[in-house]
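> Kindly return the folded structure for what I paste below:
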Amino acid sequence: MSMMHSSGQGCAIAVMAKASIAGLAKTRLAPLVTAQGAAALNTCFLRDIADNIIAASGLADITGVMAFAPAGTDAFFRSTMPDGIELLETVAPTFGDCLYLAASRLIEAGHAAVCLLNSDSPTLPTAYLVTAATLLAAPGDRAVLGPSVDGGYYLLGLKAPHRRLFEDIDWSTERVAQQTLERAAEIGLPVHILPTWYDVDDADGLRLLAQEVLQAQPFRTSGKQSTAASFSRQELARLFAETDLDARLFPRIVTSRVA
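Numbering: from 1, shown residues only. Sure thing, here's the model as predicted:
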């Protein structure tokens, strides 16, 4: 576990991570699992994603980074992240500023490319991370975009910190991926698009995750094997056993016969 240092090469995969503080982390999941439960799920997601990046680093020249906020929460990440994951405090006025800051600082530190990765896709296939890093290792400037089912993106890979990609974007809307592609077109930047995946930030996403990790139902667009997400699976299994989350995500249809 270390703070960021220059690798001099390769692709940094930077997770845009929030510390697991109840009331601040994964707040849209709180109505389903409480604020404390949402923070616990956040930790599980981060641990699964870190393991996924480490697995990818065995297949491509990849360095894992937690680009974290809020400021001063590095102790949380030091205590929860496995060895080999670096830390980069990334605090800026807007989400777009945070993304640009992470990309620019990692490229300035000597990485040949950077992938900005979301913190709520714990089952994302490792192959997608390897593909992104491999595409970015080829000659010529380009971007890699991993679109989410909700219209955002789970991954944006870059070889240079093009500020325009983060300007005039309606963050947290279904227009984010399309607007990012429009900005890339404006500056003449080629974009390779990865398969679509899903975010776990509301009931629909949590339902998809439960189907994948507890019911062995692969995500519908997957051509590659999902990551096992063992921490998330264990926590969801516990929630299903000890709370009414199962019934809330999968309400049974009850019919009554009139005598």
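
> buried set for stretch 29-36?
L29, A30, L32, V33, A35 (16 or more other CB atoms under 10 Å). Backbone N, C-alpha and C define where each C-beta goes, glycine included.

> now do stretch 70-83
For stretch 70-83, a neighbour-count test (16+ other CB under 10 Å) marks T73, D74, F76, F77, T80, M81 as buried.

> Straight-line length of that stretch, end to end?
As for stretch 70-83, its first-to-last residue distance stands at 21 Å under the measure CA to CA, to the nearest Å.

> picking up where we left off before, could you work out the most separated pair of the buried residues of stretch 29-36?
Considering CB to CB, no two members of these lie farther apart than L32 and A35, which are separated by 10.9 Å.

> give me the element S20 is part of.
Remark: S20 resides in no helix or strand, with elements defined by DSSP states H and E.

> The lowest-mean-pLDDT helix or strand in the chain: what's the following helix or strand?
Scoring the helices and strands of the chain by mean pLDDT, DSSP states H and E places strand 2-3 at the bottom, with a mean of 46. For strand 2-3, the following helix or strand on the C-terminal side (DSSP H and E) is strand 11-18.

> can you give me the strands in the protein?
In chain order, the chain shows strands spanning 2-3, 11-18, 62-69, 85-89, 113-117, 143-147, 153-158, 191-193, with DSSP state E as the criterion.

> Surely V144 and L135 touch.
Yes - with contact taken as CB atoms under 8 Å, V144 and L135 are classed as touching, separated by 5.3 Å.

> residue nearest the centroid of this structure?
Within the chain, the residue whose C-alpha comes closest to the C-alpha centroid is N118; the distance, by CA atoms, centre = their mean, is 2.2 Å.

> I'd like to know how far it sits from M66.
The spacing between N118 and M66, counted by CB to CB, to the nearest Å, is 12 Å.

> Touching both of the two, which residues are there?
Each of V15 lies in contact with both N118 and M66 under the rule CB atoms under 8 Å, 6 or more residues apart in numbering.

> Just put the strands of the chain in TSV and tack on mean neighbour count and distance to Q211.
As requested, the strands of the chain are exported to TSV (neighbours: other CB atoms under 10 Å; distance: least, CB to CB, whole Å):
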stretch	mean neighbour count	distance to Q211
strand 2-3	11	37
strand 11-18	26	24
strand 62-69	25	27
strand 85-89	21	28
strand 113-117	28	22
strand 143-147	23	20
strand 153-158	24	18
strand 191-193	15	25
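
> Output those strands as JSON lines; include the columns distance to S104.
Rendered in JSON lines, the data for the strands of the chain read as follows (distance: least, CB to CB, whole Å):
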{"stretch": "strand 2-3", "distance to S104": "17"}
{"stretch": "strand 11-18", "distance to S104": "11"}
{"stretch": "strand 62-69", "distance to S104": "11"}
{"stretch": "strand 85-89", "distance to S104": "11"}
{"stretch": "strand 113-117", "distance to S104": "9"}
{"stretch": "strand 143-147", "distance to S104": "15"}
{"stretch": "strand 153-158", "distance to S104": "10"}
{"stretch": "strand 191-193", "distance to S104": "19"}
